[in-house]
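[1] sequence plus predicted model, see below.
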Amino acid sequence: MTEHTLITLTLAILIASIAAVEIRNLRTTSLAYLVHSIFLCAIIAGYAYVGKNESLYLWAMTCFLTKVVIIPYMLLRFVRRVPIHEHRPIIGFAGSIVIVTSLMVIFFSLFRKIIILLAPTTAAMEEPVRSLLAGAFSIFCLGLWALLTRRDVLKTVIGVALLENGVHLVLLALAPQLKETTMIGILTNVVANVFLLLYLSSHIYQIFGTMDSAKLSELKR
């Protein structure tokens, strides 16, 4: 596996992340998150291979079990109980695609240029770590975008998962040689949070008949 392969995987996971946020069909959205997670595992395994760091393989296997198997299963199981199409977001589809794609290109380019300010290390200035960090921060920002602009509760869950995966990539880029990094990556998996969010959302839908998070203020009454 070469440096160019790792950079390609970083760009691929960014594209898959955009798809997971922007696709309106919730089943397809869940599958897009599955693809995103596969790329995440491939990146971790790739850095394990390049850096000859066997501890990262344990992280990659845990990531596969939780993010490729368990979380997509929970998402798809949830989607079978609710309307298949996302509740209408704040910004329309065409406008959102243009805005998100433009923001990701800008953020990725910007983070690559100012990475020395965010991670003042020699490794951070070299490829493929530089692109990985830029991609990680971009995915984190995309997760925030999903939380701020999406009203559908499943997209809120996707946003939370993207935030956490962005943190995983930052950990991988900054300290892949430390065994503690692997343990932190394993222990910070978001499976429990996703389960609780989907469990509560399922009951909210049964009671209120809506996936619109903006209407959840009714719970205060």
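    Sure thing, it's come through. In this text the structure is predicted, and so the values were computed from the model without any measurement.

[2] got the phi and psi for residue 25?
    Main-chain torsions, residue 25, degrees, to the nearest 10: phi -70, psi 120.

[3] mind checking the SS state of residue 121?
    Of the three states, residue 121 takes coil under DSSP: H, G, I helix; E, B strand; the rest coil.

[4] what residues does it make contact with?
    By CB atoms under 8 Å, 6 or more residues apart in numbering, the contact list for residue 121 reads residue 174. The C-beta positions use only the backbone N, C-alpha and C, and glycine is treated the same way.

[5] so where does the residue nearest the centre of the chain fall, helix or strand?
    Averaging the C-alpha coordinates of the chain gives a centre point, and the residue nearest to it by CA atoms, centre = their mean is residue 162 (2.3 Å). Assigned by DSSP states H and E, residue 162 belongs to helix 153-174.

[6] how distant is that helix from the center of its chain?
    In terms of CA atoms, centre = their mean, to the nearest Å, the gap separating the centre of helix 153-174 from the centre of its chain is 4 Å.

[7] let me see the mean pLDDT of it.
    Model confidence over helix 153-174 averages 88 on the pLDDT scale.

[8] which one is the residue nearest to the centre of the chain nearest to, not counting chain neighbours?
    residue 143 (3.4 Å; CB to CB, 6 or more residues apart in numbering).

[9] distance of that neighbour from residue 33?
    Noted for residue 143: a distance of 12 Å to residue 33, by CB to CB, to the nearest Å.

[10] mutual contacts of these two, please.
    Each of residue 161 lies in contact with both residue 143 and residue 33 under the rule CB under 8 Å, 6+ apart.

[11] quick one, which of these two is more surrounded?
    When residue 143 is set against residue 33 and neighbours are counted by other CB atoms under 10 Å, the residue ahead is residue 33, at 28 against 23.

[12] residues in contact with that one?
    By CB under 8 Å, 6+ apart, the contact list for residue 33 reads 16, 20, 71-72, 75, 158, 161.

[13] could you redo the last one with a cut-off of 10 Å?
    16-17, 19-21, 23, 67-68, 71-72, 75-76, 154, 157-158, 161-162, 165 (CB atoms under 10 Å, 6 or more residues apart in numbering).

[14] ok, residue 18 next?
    Each residue near residue 18 by CB under 10 Å, 6+ apart is listed here: 32, 36, 97, 100-101, 103-104, 138-139, 142, 145.

[15] picking up where we left off before, now, of the contacts of residue 33, which are buried?
    When burial is judged by neighbour count using 16 or more other CB atoms under 10 Å, the buried members of the contacts of residue 33 are 16-17, 19-21, 23, 67-68, 71-72, 75, 154, 157-158, 161-162, 165.
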